[in-house]
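# Please find the sequence and the predicted model below.
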Amino acid sequence: MKKIFLVMLLSISTLFAQYDFAEPKPSFDEPRKVILSLYDKDLDKANHIIGTVYNLLKEYPSESLQVIVVAYGPGMRLIRNDGDANLIKRMQSLMEYDVEFVACRNTMETMNWKEDEFIDDLRYVQAGLLEVIEKQVAGYININPY
């Protein structure tokens, strides 16, 4: 009985533990800015990247995190309308939390793909990799969960 009580107490205390954020603390005025890349068509990797975004959103205070996911190269297949339905649903759910998804026009042109073949609410740029580079220069942290 004591062991059960101790486990319950430890579980409850971890629920209320706050992360010790670095200065300046993340806030509306000083958000953390993160960029991730979908550059591989591997579904397991894509689900891991999307899961990473969900985990970030759970840990940071509301409106103190800006996340951009950039798809380019083979990763563009993942954001097509005919892609994995579960992954697309998860990405659309993240868009409701202001996670921005960006698509590469260079890849689209190479593959002869059109905007109507992709999920809604994407932002299009000419070069996805260039977007990653420029966002890093602008202060975004590039995360590669692999």
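Received the coordinates, thanks.

# a helix runs through N142, doesn't it?
No: secondary structure assignment (DSSP: H, G, I helix; E, B strand; the rest coil) places N142 in strand, not in a helix.

# And it, how far from F118?
The gap separating N142 from F118 is 23 Å, by Cβ to Cβ, to the nearest Å. All C-beta spots, glycine's among them, are computed from the backbone N, C-alpha and C.

# If you count surrounding residues, which of those two has more?
The residue with more neighbours, out of N142 and F118, is F118; 21 against 13, by other Cβ atoms under 10 Å.

# could you list every residue that touches the more buried one?
Applying Cβ atoms under 8 Å, 6 or more residues apart in numbering to F118 gives the contacts 79-81, 103.

# now swap in G75 and tell me
Taking Cβ under 8 Å, 6+ apart as the test, what G75 contacts is 37-41, 46.

# Equivalent analysis for V53, please.
36, 67, 69, 94, 99.

# What's the end-to-end length of stretch 84-102?
Using Cα to Cα, to the nearest Å, the end-to-end distance of stretch 84-102 comes to 18 Å.

# before we move on, what about stretch 60-67?
Per Cα to Cα, the first residue of stretch 60-67 is 11 Å away from its last.
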